[in-house]
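> when you get a sec, could you give me coordinates for this:
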Amino acid sequence: LMPWITVLITPGFSAEKNHQIAIYSQLLLLGQLPFLVMGNFLTGIAQARKTFILPAIAPAIYNIAIIITTVMFYPTFHLMAPILGVVAGAILFFIVQIPIIKYSHFRYQGVLYTSKEAWQFFRMAVPRILTSIVGQIDATVDLTLTTLVGAGAYTMFYFAQHLQLLPISLIGIAFGQASLPYLSELHHDGKNEELKRVVLESILNVIYLTLPIMFFLVIARTPIIRLFFGGDKFDWESTVVTAKTLSFFALSLPFHSIYYFLTRCFYAIFDSKTPFYSSLVTILINAILSIYFIVYMHWPVWSLGISFSISMNINVIILLIILTKKLHGFDWRYFLSEIFKIVIAALVSGCIVFFSQRLFDGLIFDTTRTINVFFLLLSNAIIFALLYLGMTWVVGINEMYLLTKMALKIKEYQRRVVEMYTGVQ
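I've put the predicted structure just below:
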């Protein structure tokens, strides 16, 4: 079926390209899917036991394997090199997490029976599966629309989207995965006030970490694209369009990060239907806006970033309102005052870095060379971080102490990894 599917989702591509996409898709499905399924199964076991270090390392190794394989074998295998890298990464993704089986004392028993918990699991799982399916349909719509924009549009869209997803993976998804066991435990024990406090503080922590990243991505969008993707085959026009697409995607970065945490909040209180219904509505909004911008307005590919950010922000607002009602209210005065202080700190820091970047570009760094683009970004990132930390101290943002807590846990995680592998040996 793959050859017919690719024709439907990439109508703007030639027959030769569609044939290549079909072959590569088949290899990816057969080569990586079994190992990713088993690896994610082990990830679920570890997270249920509140062990997060190996599930965090495994995706990093997965990506490193793709990078190394692509760099080493691209001259020989060309586009097949990253395909091989994905397969190798998926295998390593599974192997790295095998110690979880021994560490968690997991024992599989082939027993088939029905229970109240089993039915509850399926009632929770079905809406979650449907949410993922609807999300993939939305991504397919974006893919189809990019093929109609013109040559290279999908590449620019893909680059911008995945640069924006990097901090979301490090912060938003990490918070969501780590919080689920604790939130479930609080709900099970009936500690509603403690649950509300944890939810509120976690959302503020995510905003504190992601809002400055959003500002920095918008300010330094062009140097970032030049550093990561600049090359002979990626001309200046492509750089500008990709940078603009990144800036529009970045506008949803805090909301997108909060989304992964909020969905876990609903799962913790045994409600997977609300995230599904909310996603269904906002994905429909995204699809309508995307089709309108591309088909009727004939806007460039960066318009897909606008439609995505609008729909994602609406989705998070809907989920937050519903969660507030389910948990019988939050301390909104404290919540809004902290957000206001975070916005002020990030905005002031961003404005200063905006002018410093203009000053450094050309006057201090000759950015016609890639190494100087790196130093420009590095210097501005350091200035931004120091200014932001200083401003958070000045305005008295409580979330700044989160960084200290995170630093103190690094040694603990290192010790647990050593114990885990020692136990296997």
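
> which one is residue 309 nearest to, not counting chain neighbours?
Distances taken as CB to CB, 6 or more residues apart in numbering put residue 252 closest to residue 309, at 3.7 Å, once the chain neighbours are dropped. (Each C-beta comes from the backbone N, C-alpha and C, glycine too.)

> and the one you found, how many neighbours?
Residues near residue 252, counting by other CB atoms under 10 Å, number 25.

> residue 94 now?
With other CB under 10 Å as criterion, residue 94 counts 22.

> can you say which helix or strand has it in it?
In the assignment (DSSP states H and E), residue 94 maps to helix 80-95.

> tell me which other helices or strands that helix touches.
helix 15-48, helix 53-77 (3 or more CB pairs under 8 Å, 6 or more residues apart in numbering; DSSP states H and E).

> hmm, back to that, what sits against the residue nearest to residue 309?
308-309, 312-313 (CB atoms under 8 Å, 6 or more residues apart in numbering).

> what are the buried residues along stretch 262-275?
Using 16 or more other CB atoms under 10 Å as the test for burial, stretch 262-275 gives 262-269, 271-275.

> how about stretch 156-169?
156-161, 163-164, 167-168.

> and what of stretch 201-211?
Buried residues in stretch 201-211 (16+ other CB under 10 Å): 201-211.

> and stretch 329-345, by the same measure?
Result for stretch 329-345 [16+ other CB under 10 Å]: buried residues 330, 335, 338-339, 341-342, 345.

> and for residue 170, the neighbour number?
15.

> now residue 133
Considering only other CB under 10 Å, residue 133 is surrounded by 11 other residues.

> also residue 136?
Other residues near residue 136 come to 10 when the count uses other CB under 10 Å.

> cool, residue 287 as well?
Residues near residue 287, counting by other CB under 10 Å: 18.

> quick check: closest non-adjacent residue to it.
Nearest to residue 287 is residue 141, by CB to CB, 6+ apart, at 5.1 Å.

> got the contact list for that neighbour?
Going by CB under 8 Å, 6+ apart, the list of residues near residue 141 reads 287, 290-291.

> any idea which helix or strand carries it?
Judged by DSSP H and E, residue 141 forms part of helix 116-149.

> I'd like the average pLDDT over that helix.
For helix 116-149, the mean per-residue pLDDT is 80.

> after it, which helix or strand is next? Please name it.
Next element after helix 116-149 (DSSP H and E): helix 153-167.

> who touches that following helix?
Everything outside helix 153-167 that qualifies as a contact, by CB under 8 Å, 6+ apart, is 142-143, 146-147, 210, 213, 217, 224-225, 228-229, 238, 241-243, 245-246, 249-250, 253, 256-257, 300-302, 304-305.

> hmm, 7 Å instead?
143, 146-147, 210, 213, 217, 224, 228-229, 238, 241-242, 245-246, 249-250, 253, 301, 304-305 (CB atoms under 7 Å, 6 or more residues apart in numbering).

> what's the average pLDDT for it?
Helix 153-167 comes out at a mean pLDDT of 87.

> returning to what we had before: helices - which of the buried residues of stretch 201-211 land there?
201-211 (DSSP state H).

> quick one on the thing from earlier: hmm, which of the contacts of helix 153-167 are the buried ones?
Here, 16+ other CB under 10 Å leaves 143, 146-147, 210, 213, 217, 224, 229, 238, 241-242, 245-246, 249-250, 253, 301, 304-305 buried among these.

> and which of the contacts of residue 252 is nearest residue 89?
residue 308 (26.5 Å; CB to CB).

> can you tell me the element that closest one falls in?
In this structure, residue 308 sits in helix 303-326 according to DSSP H and E.

> residues of that helix that come out buried?
303-316, 318-320, 322-324.

> got a pLDDT number for the nearest residue to residue 36 once chain neighbours are set aside?
Nearest residue to residue 36, sequence neighbours excluded (CB to CB, 6+ apart): residue 90, at 5.2 Å. Looking at residue 90, its pLDDT stands at 91.

> would you mind measuring from residue 90 to residue 30?
Residue 90 is 11 Å from residue 30, where distance means CB to CB, to the nearest Å.

> same check, this time on residue 354
Taking CB to CB, one finds residue 354 at 48 Å from residue 30.

> the two: which is more packed in?
A count of neighbours by other CB under 10 Å puts residue 354 above the other of residue 354 and residue 30, at 17 against 10.

> C-terminal to the helix or strand hosting the more buried one, what's the next element?
Using DSSP H and E, residue 354 sits in helix 332-363. Heading C-terminal from helix 332-363, the first helix or strand you meet, by DSSP H and E, is helix 370-395.

> which neighbouring elements make contact with that following helix?
Contact partners of helix 370-395 among helices and strands, from 3 or more CB pairs under 7 Å, 6 or more residues apart in numbering; DSSP states H and E: helix 192-219, helix 221-229, helix 332-363.

> surely residue 13 is in contact with residue 146?
No: here residue 13 does not reach residue 146: they are 10.4 Å apart, not a contact under CB atoms under 7 Å.
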